[in-house]
Every structure is written in structure tokens, then in C-alpha cells.
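Undergrad: need a structure here:
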Amino acid sequence: MTWKPWLVMRSLAAFPMCSWHSNTTVSGSPTDVLALLTEPDAIARWAPVPFEVLALDGTRLESGSRARVAGRLAGRSVEFDVDVLRASHERFELVAQGPICIDVKYRVRPTGAASEVEASIAVEGRGLFGRTLAKATEALLAGGALRMSLERLAREVRPALAA
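TA: Numbering: from 1, shown residues only. Model prediction:
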């Protein structure tokens, strides 16, 4: 077997994308849920990772909007460019590009007086730092961060309904 440096470099370039899924039932309409999925101050309260919005096109996340956010992952300060791919009455999808790529999708369906929320997050790291950060993010998600985030989202909907 001969050593192929191009193969080694290619294998170090990208870490395979890993995905996590979770779902919950929220006492509120899909409109109530999507309002919290697209409002930056609300997102900061239930998101799995604390962050700060550095720049945002508009006041809410909507289809086609862009944002720049900063936070900490694995003890490191990181920044991401966020592109909102879709913000509709039943779906919210975005991609955050930084040292890692994070693909986020929410699907919201009415179930009587409540809503079923399905969430998925896929993470991909490129390069040595990206792969290390992706592994740390994967550990966070494997530890239940997505599930806990949905639980916080559900708690956020209840006070919003009472107001």
C-alpha cells in the first residue's frame, strides 16, 4: 500500500455531518411557537448555547434574513454568519457558518390546542479546530442540549400565551 498524502489531507478537511433530533408538544399554536423561534431575545432564553446578536437584518429572523452572532463553544469565543433559509407558518430553517457549520430545522404542526415541535440539528466541522469544535458540540447535543432547549421553548410559550 502506498501513502497518498492527498487522501490524508482530504480526510482531515471535513468531519462527517452528525445529526440530532428531538420533539415535544407545546401548549400553543404554531404561530405562537414560530414567534418564539424567530425573535432574537426569545431565542437567547431557550437556545442550547448562549449567544449574542452582533448584527441582524431587521428585528426578527425571517426567510432570507441574515445575522451575525457570537457565543462560546468548548470554552472558545466563536462567531457565526446565520442565513435564515425558511421561516413559514410550519417550518423554520437556518444555517450558521463559522468554525463549524450548524444546520437547524424546526417543523411545527398543530395538534388540537397544542403544537408538535420537531427539531433537528446537524453539525459539521472542517479543519482541525472545526473538527474539535464539532466534537464538543456533538457532546453537548448528545448530553440532551436539544431536548432541554425544546423544554425551555415550551416553557416560553406558556407565559407568552398568558400575556
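Undergrad: tell me the centre residue of the protein?
TA: With distances taken as CA atoms, centre = their mean, V104 lies nearest the centre of the chain, 4.3 Å away.
Undergrad: sec struct for that residue, please.
TA: Under DSSP: H, G, I helix; E, B strand; the rest coil, the three-state class of V104 is strand.
Undergrad: pLDDT score for it?
TA: As predicted, V104 sits at a pLDDT of 95.
Undergrad: what ranges do the helices span in this protein?
TA: 5-13, 30-38, 40-46, 127-142, 145-162 (DSSP state H).
Undergrad: shouldn't the residue nearest to the centre of the chain be in contact with E93?
TA: Yes: in terms of CB atoms under 8 Å, V104 counts as a neighbour of E93; the distance is 6.8 Å. Every C-beta, even on glycine, is put in place using the N, C-alpha and C of the backbone.
Undergrad: ok, S77 to P30 distance?
TA: Going from S77 to P30 by CB to CB, to the nearest Å gives 35 Å.
Undergrad: The two: which is more packed in?
TA: Higher neighbour count among S77 and P30: P30, with 22 against 8, using other CB atoms under 10 Å.
Undergrad: how much space between the nearest residue to the more buried one once chain neighbours are set aside and A35?
TA: Setting aside the residues directly before and after it, P30 is nearest to V108 in space (CB to CB, 6 or more residues apart in numbering), at 4.2 Å. Per CB to CB, V108 is found 11 Å from A35.
Undergrad: quick one: which of those two has more around it?
TA: V108 (23 against 16).
Undergrad: Next, the contact list for the residue lying closest to S149 once chain neighbours are set aside, please.
TA: Excluding its sequence neighbours, the residue lying closest to S149 (CB to CB, 6+ apart) is P48, at 4.3 Å. Residues in contact with P48 (CB atoms under 8 Å, 6 or more residues apart in numbering) are 121, 140-141, 145-146, 148-149.
Undergrad: Closest one of those residues to P40?
TA: The closest of the contacts of P48 to P40 turns out to be S149 (CB to CB; 15.2 Å).
Undergrad: and the closest one, how far is that from N23?
TA: Distance of S149 to N23, given as CB to CB: 12 Å.
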